[in-house]
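> Sequence first, predicted coordinates after that:
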Amino acid sequence: MKAKVTMQDIADRLHISKNSVSQALSGKDGVSEETRRLVLETAKQMGYTYPSARKKKVSEQTGNIALIASDFAFGQKSFFGEIYLSVEQETRRRGKHLLIQSINKESELELALPSFLENQDVDGILILSHLSTAFTNAVIGTGIPTVLIDHHHPAIHADCILTKNRFSAYEAVQHLSDLGHRSIGYVGNIDFSPSYYERLEGFRLALRDMGLEARPEWIVTDAVEQADYVMETMKAMSELPTAWFCVNDGLGFLVNSTLHQLGFQVPDDISVCSFDNGQLSRLATPMTTTMAIDLNLFGRKAVEQLFWRMEHKDEPFIELLLPTQIIVRESTAPPRK
C-alpha cells in the first residue's frame, strides 16, 4: 500500500521547513509567492491530501456558496454585475446563502485566501472572471468544489462556464464580410483575457475561410481602453480598414468615437462591430452592432454546474460554451463603392 504523503515529505522534497509548507498550503502569510506556487505544485504532483479532519469539514453542509472576483471585475457592473445578480437569485432559489469577496492585487499576489475558504465555511466556490492561475489553483487546493465563470487556463483543473468566443467572433466577421467588407481590422488585448485571444482566433479563421487578409497594422492585440491610446493608434495607420471588429463594447465605443473625431462617418465610411451587448453599445452614436451574451444564463449555468459538481466530485471536468446572438444595429453597413 502506498504511504500517505505528508507535509514533511513535501518539505523534504523542496528542502524547506514543514512550517513553510503548512503556511503555503493554508494560504497564510510567511512565505513568498514563488515558494507558495512551488509547494502547491509539488503537493499536487506527490498526491498530497488534506487531513481527515479537514475532509470531514468539507463533507459537512454549511449552506454557503462563495463568489469571488478581482476588484476590477466587480467594478465592471454593466457586465459582471448582471452575472452576479443571476448567481445570487439562483443560489437563493436553491436554498443557499451567497458570500461575496473581492480580491485585491495584494491578496492575489500573496495567494491570501478569504477566511471563509481557509476555514472551509462554504460548500462551493464560483470564481468570476480572471484571477491569476496561482491564486485560482490555491482556491482549488482547498478541496472545495469550484467553478470558473468566463475564464479558463490549461493549468487550471476545474469546471468552466464560457462564451463561444471563436465562433462568435467568426460570426461577427462573417456579418461584415456579407456586407461587402474586404478590409477588416481587430482591436483587443489578448494578454488581458483568454476570451480576447480566442476572439482573435475566430477573427483569423473567418478571414482565412472568406479569402481575406488584414494588414499587420490592422490587428491591434495590445489595445488599452483609453481614448488617447485609440486615437494615437488610428492616427499612426497609413490607411484604415473599412470595418473594425472590437473584442468588447468599451473598445467599440472608443473606436466609434475616435473615427468621428478623425472626420469619418460610422457606418458610411467605416463600420464598427463589437462584443457583449453591454450598456456602451447602446450609448454609442450610432448604436453598435454587437455579439450579445446572455449574462443571466451565464449565472444560472454556473450555479447549476456548481451544484452538480458538489454531488459529483470525481467526474471529469467540464467546459460549457454558451452561445451568443448578433444584434445588428446602425454601426454596420456596406462599404462605400
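Happy to help now that I have it.
> and residue 24, what does it touch?
31, 35-36, 39-40, 111 (C-beta atoms under 8 Å, 6 or more residues apart in numbering). C-betas here are computed from N, CA, C, even on glycine.
> Swap in 10 Å and give it another go.
7, 10, 14, 16, 30-33, 35-40, 42-43, 111, 138, 141 (C-beta atoms under 10 Å, 6 or more residues apart in numbering).
> Buried members of the residues you listed into ChimeraX, please.
Per 16 or more other C-beta atoms under 10 Å, the buried members of the contacts of residue 24 correspond to this ChimeraX selection:
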select :7,10,14,16,31,35,36,37,38,39,40,42,43,111,138,141
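> what's the distance between residue 23 and residue 111?
10 Å (C-beta to C-beta, to the nearest Å).
> Could you do residue 321 as well?
29 Å.
> what does residue 307 give?
Residue 307 is 27 Å from residue 111, by C-beta to C-beta.
> again with residue 277
35 Å.
> Just the residues contacting stretch 278-285, thanks.
Against stretch 278-285 from outside (C-beta under 10 Å, 6+ apart): 76-79, 82, 246, 248-257, 260, 266, 272-275, 287-293, 295, 327, 329-331.
> Now the buried members of the residues you listed.
76, 79, 82, 246, 248-257, 266, 272-275, 288-293, 295, 327, 329, 331.
> where are the low-confidence patches of the stretch 51-200 of the chain?
51-60, 78 (pLDDT under 70).
> Let's see which of the contacts of stretch 278-285 end up in helices.
82, 249-257, 260, 295 (DSSP state H).
> Give me the domain ranges for this protein.
1-49, 165-293 (automatic domain parsing).
> Now render those as CSV, adding distance to residue 105.
Putting the domains of the chain into CSV (distance: least, C-beta to C-beta, whole Å) gives the following:
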stretch, distance to residue 105
domain 1-49, 12
domain 165-293, 15
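> Comparing those by mean pLDDT, which bottoms out?
With a mean of 79, domain 1-49 has the lowest mean pLDDT of the domains of the chain.
> That one: how far from the chain's middle?
Relative to its parent chain, domain 1-49 has a centroid offset of 29 Å by C-alpha atoms, centre = their mean, to the nearest Å.
> can you check stretch 173-185 too?
Using C-alpha atoms, centre = their mean, the offset of stretch 173-185 from its chain centre is 27 Å.
> Give the buried residues for it.
So for stretch 173-185, counting by 16+ other C-beta under 10 Å, buried means 173, 175-177, 179, 181, 183-185.
> Mind checking which of the residues you listed are in helices?
173, 175-177.
> In JSON lines, list the residues you listed along with distance to residue 316.
JSON lines is the format used below for these (distance: C-beta to C-beta, whole Å):
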{"residue": "173", "distance to residue 316": "33"}
{"residue": "175", "distance to residue 316": "36"}
{"residue": "176", "distance to residue 316": "38"}
{"residue": "177", "distance to residue 316": "38"}
